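J.: sequence below, structure please.
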Amino acid sequence: WLDEWYRLDETVEPAVYRLRDHKVPIDIAEKLIDFWEKMKLPHASDSITALEIIHGALESINPETSAFFYFRNPDVHTHSHYPESLVPIFAEQDPHRKNKLTQLKQLIRNRADGKIIIREYNAEYTGLRIDPTFLYSHLESNELETLKNGVIQPQDWPALSHEVQKAIETHGIVALSDMDELGKQIPEDLWAAIETKLEQSVEPSGVSNQKQNYNERFLKERTRLFLGRQDLLESMLGYVEDTNDRQPLVITGKSGCGKSALIAECAKQCREKFPNALVIPHFIGAAPGSTDLLTSIRSICEILRRECNIDDEFSTDPDKLHAQMRLFLKKAGAIHPIILLVDAVNQLEPANRSHELRWFPLNLPSGVRIIVSTLAGDCLDKLQERISDDHILDVPALPEIDRKSLIQKQLANRGKKLTEEQIFRILDTTARPDTGLPLYLLVALEELCLFGDYDALNHRIDRLPSTLSELFGQVLQRLEDDHTQDITEFILRLLAVSRSGLMESEILDILAYGIRNPRYTC
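T.: As a prediction, this is how the structure comes out:
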């Protein structure tokens, strides 16, 4: 039975045996459950609901977890007119399962505290409901009168014909009293819990703080899987230490090579190595509006003004604001060492001539270090005209040993793994030149993790394309297959016409509106 109904899944860590895709007959399923229980396998016969309760509420490691349980009185089915055929709806018939249900309820009661709340509620049997389409078209006048208000009362049951009774027992649902009170209690409980969380939240002190929070989240995400690049990091940290250097340091490289992650890791290590310095990571595109030059300058200047107690007010004149950033840096550098890291200046909107870099300080004031990253193009061309070659670092492909570690680390975070042979096939730069790019690997691994057929995994790996752009083409095709072409196209159009990208919440709001209003979607 084990060989027939289970298969070894070695893509997860630790490896597990999974039920095969075809349905297990009920009699064999019950015998398998009985076997696993005798083998002392925890929760072998628990239902999905029981497992969700145990994992999500009773054993949750999240300190913020709250749970509400609503226990109905157990005597609904004891009403004298309650149909015997519907007793299993409200009362477990199997003695073993009934005992497990009692144990689960007791476990919940034992755990009740400020975060696990239990409510008792009453519900009485008041009759049955049925969708009229399930009934015969020709009903007696007394039957039509009985069904008029939608509920068949217990006292009306004997007056119904055998055919109508059979239809109701087959397709009807139980009508209960006092459900309106429960319906009011649940949202009241949820709202009270939400209000408590909101009261604990720290309100940001302005738009600049919100932008800073976006950048901090981006930094945390990009450093989560950072590997290697020690030679580049040493050069960057050495630049920061050299107080006599007055030029910015430029990081460049192919799209997807890991420039953002390198900038983020450098910011993280600067905070550890230079605790007295004010380290400002600014990632273009990470926060709403950050691709607008003036918005980014204001955000950086606001942090400098707040952290260094600078009294100057912002100018509304774009040309003056360019010069004001240099002034803020000079005043801040006289108070604290300033380490400013700006990622992806090439993503700035061309408006306000941002790519001419007139706003970018090339001769740094004392106490200020600036590291900036960009793709090849007009921004890099302007920087190369004004900055010496030894201040421009190119990020190469990630070495194979680090790429292998990246694969293993990312899969471990998802509780999965690949065989050595499968990893070797992914890392084959002959078949896939762009596999040297960390972004390619991360996107490819996400796609493999979403692929559900273990037996066809090798075939899916072989279908991974050679370039990053082709890989994103596969992702878009998969999105169309999963969510339809219309919805995928609609979301991509939203992104294409948005000024500086959209947050996930904004996409969901617009998508929901578009689904309710098809003409708007078109």
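J.: wait, residue 379 sits on residue 347?
T.: No: using CB atoms under 8 Å, residue 379 is not in contact with residue 347; the gap is 9.3 Å. (C-beta placed from N, C-alpha, C; glycine too.)
J.: angles on the backbone of the nearest residue to residue 253 once chain neighbours are set aside, please.
T.: Among residues not flanking residue 253 along the chain, residue 395 sits closest, at 3.2 Å (CB to CB, 6 or more residues apart in numbering). Note on residue 395: backbone dihedrals following degrees, to the nearest 10 are phi -90, psi 110.
J.: what's the separation between residue 395 and residue 243?
T.: 25 Å (CB to CB, to the nearest Å).
J.: these two: which is more packed in?
T.: residue 395 (19 against 10; other CB atoms under 10 Å).
J.: which residues touch that one?
T.: For residue 395, the contacting residues are 229, 232, 251, 252, 253, 254, 257, 258, 259, 262, by CB atoms under 8 Å, 6 or more residues apart in numbering.
J.: residues in contact with the second one?
T.: Spelled out, that is residue 232. 251, 262, 393, 395 are the contacts of residue 232 under CB under 8 Å, 6+ apart.
J.: widest-spaced pair of the residues you listed?
T.: With distances taken as CB to CB, the most widely separated pair in these is 262 and 393, at 9.0 Å.
J.: got any residues that touch both of those two?
T.: 232, 236, 251.
J.: all the strands of the stretch 1-150 of the chain, residue numbers only.
T.: 6-9, 16-19, 67-72, 116-121, 125-129 (DSSP state E, counting those that start in this stretch).
J.: got it, and the chain?
T.: Residue ranges of the strands in the chain, as given by DSSP state E, are 6-9, 16-19, 67-72, 116-121, 125-129, 173-176, 249-253, 278-283, 338-343, 368-374, 392-395.
J.: any idea which of the ones you listed gets closest to residue 433?
T.: strand 249-253 (14.9 Å).
J.: now do that closest one against strand 338-343, angle only.
T.: If you take axes from the mean of the first three to the mean of the last three CA atoms, to 10 degrees, strand 249-253 sits at 20 degrees to strand 338-343.
J.: shift numbering so it begins at 5
T.: Shifting the count to begin at 5 puts that one at strand 253-257.
J.: what's in contact with strand 253-257?
T.: 236, 240, 243, 263, 266-267, 373-380, 384, 387, 391, 395-400.
J.: what's the average pLDDT for it?
T.: Regarding strand 253-257, the rounded mean pLDDT is 93.
J.: so how many other residues sit close to the closest residue to residue 277 other than its chain neighbours?
T.: Using CB to CB, 6+ apart and skipping residues adjacent in sequence, the residue nearest residue 277 is residue 241, 6.5 Å away. The number of residues packed near residue 241 is 14, by other CB under 10 Å.
J.: relative to residue 279, how far out is residue 241?
T.: On the measure of CB to CB, residue 241 and residue 279 end up 14 Å apart.
J.: just to revisit the earlier point, am I right that the residue nearest to residue 277 is in contact with residue 271?
T.: No: contact criterion CB under 8 Å: residue 241 and residue 271 do not qualify, at 11.0 Å.
J.: pLDDT weak spots in the stretch 205-354 of the chain?
T.: Counting by pLDDT under 70, the stretch 205-354 of the chain shows low-confidence ranges at 205-216, 320, 322.
J.: over to the stretch 405-526 of the chain?
T.: 504, 518-526.
J.: partners of the residue lying closest to residue 193 once chain neighbours are set aside in the sheet?
T.: Distances taken as CB to CB, 6+ apart place residue 72 nearest to residue 193, at 5.3 Å, with adjacent residues excluded. Beta bridges link residue 72 to residue 121, judged by DSSP bridges.
J.: same deal with residue 374?
T.: Assigned bridge partners for residue 374, using DSSP bridges, are residue 344.
J.: got the CA coordinates for stretch 499-506 in PDB?
T.: The C-alpha trace of stretch 499-506 is given here as PDB (Å, rounded to 0.1, in the frame of the first residue of the first chain):
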ATOM      1  CA  LEU A 499       1.700  49.400 -15.000                       C
ATOM      2  CA  ALA A 500       2.600  50.700 -18.400                       C
ATOM      3  CA  VAL A 501       0.500  53.900 -18.100                       C
ATOM      4  CA  SER A 502       1.300  54.600 -14.400                       C
ATOM      5  CA  ARG A 503       3.700  57.400 -13.800                       C
ATOM      6  CA  SER A 504       6.000  55.600 -11.400                       C
ATOM      7  CA  GLY A 505       4.700  52.100 -11.000                       C
ATOM      8  CA  LEU A 506       1.900  50.800  -8.700                       C
END
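J.: now residue 308: how far from residue 457?
T.: In this view, residue 308 and residue 457 are 54 Å apart by CB to CB.
J.: check residue 491 too.
T.: For residue 491, the distance to residue 457 - CB to CB - is 24 Å.
J.: wait, isn't residue 76 in contact with residue 127?
T.: Yes: the criterion here is CB under 8 Å, and residue 76 meets it with residue 127 at 5.3 Å.
J.: state the number of residues packed around residue 129.
T.: Residue 129: 21 neighbours (other CB under 10 Å).
J.: what is the neighbour count of the residue lying closest to it once chain neighbours are set aside?
T.: Nearest residue to residue 129, sequence neighbours excluded (CB to CB, 6+ apart): residue 83, at 4.1 Å. Applying other CB under 10 Å, we find 13 residues neighbouring residue 83.
J.: quick check, residue 83 in contact with residue 131.
T.: No: contact criterion CB under 8 Å: residue 83 and residue 131 do not qualify, at 9.8 Å.
J.: circling back: out of residue 491 and residue 457, which sits in the busier spot?
T.: Using other CB under 10 Å, the more surrounded residue of residue 491 and residue 457 is residue 491, with 16 against 9.
J.: do I have it right that that one meets residue 512?
T.: No: using CB under 8 Å, residue 491 makes no contact with residue 512, being 11.7 Å away.
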